[in-house]
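Build me a structure from this.
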Amino acid sequence: MPYLLGQPARAARRAYPDQLPYLNQLDVDVLTFEAADDQGRNIEWIGTSVSKDKKVVLGAASHRTLQVERPETVADLIRKALKWIEPERLILSTDCGFGRQGMSRTYALYKMVEIVAGTNIVREELGLARPGAGGSLDLAAQGRDRSPLGVRRRRCSRRRCR
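Numbers count the residues shown, from 1 in each chain. Now for the predicted structure:
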């Protein structure tokens, strides 16, 4: 049976709300929480319970599935978080890491790109400039024929790549 914070996984649904008073007492600058797999169910508790002198890292991409999150899904999670957490305290990351479940670097790269794309959607809605806007590393503006880093994808045949 899987365990989270010393509790069986089925009981872990309330683990964050039950543990927040203790986590908040830690002498740390940043607290990290998984939020992608449960669609941010605990964001309200996190936002209201974590001390204002701590930054909050929320997972916006799941490590449990190879399905790449849509930018709109990431943007929805960010909007939900911004109702309870000030933008200057919010940091986006992944749920856990991508080393588990046999995830390749390619999947991890595309999941990270979708976090950036979802963030850019919300930044535009808030009237904030996107970091790197107009530069060569503007990930959300890249076309489908380009990789996330702006390099043209090659179409390969059996004999050679064109």
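
any idea how far Leu82 lies from Leu128?
12 Å (C-beta to C-beta, to the nearest Å). Heads up, the C-betas are built off the backbone N, CA and C, glycines and all.

how about Leu31, what does it touch?
Leu23, Asn24, Ile46, Val50, Lys54, Lys55, Val56, Val57 (C-beta atoms under 8 Å, 6 or more residues apart in numbering).

Give me the three-state assignment for it.
strand (DSSP: H, G, I helix; E, B strand; the rest coil).

elements contacting the helix ranked longest in the chain?
For the chain, the helix with the greatest residue count under DSSP state H is helix 105-125. Secondary-structure packing of helix 105-125 (3 or more C-beta pairs under 8 Å, 6 or more residues apart in numbering; DSSP states H and E): helix 71-82, strand 90-93.

Touching, Leu92 and Asn120? I think so.
No: using C-beta atoms under 8 Å, Leu92 is not in contact with Asn120; the gap is 11.5 Å.

quick one, helices of this structure?
15-24, 43-49, 71-82, 105-125.

So for Thr65, which of those sits nearest?
helix 105-125 (9.4 Å; C-beta to C-beta).

which intervals of the protein have sub-threshold pLDDT?
1-15, 99-101, 132-162 (pLDDT under 70).

picking that back up, out of the helices and strands packed on helix 105-125, deepest packed?
helix 71-82 (a mean of 19; mean count of other C-beta atoms under 10 Å).

Check which helices and strands it sits against.
Short answer (3+ C-beta pairs under 8 Å, 6+ apart): helix 71-82 packs on helix 43-49, strand 55-59, strand 90-93, helix 105-125.

Distance to Asp18 added to the ones you listed, as CSV?
Listed next are the helices and strands packed on helix 71-82 as CSV, based on distance: least, C-beta to C-beta, whole Å:
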stretch, distance to Asp18
helix 43-49, 9
strand 55-59, 17
strand 90-93, 22
helix 105-125, 28
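
Nearest to Val30, out of the ones you listed?
Per C-beta to C-beta, nearest to Val30 of those: strand 55-59, 4.5 Å.

Relative to that closest one, what are the paired strands and their orientations?
The partner list of strand 55-59 in its sheet, established with DSSP bridges, is strand 30-33 (parallel), strand 90-93 (parallel).
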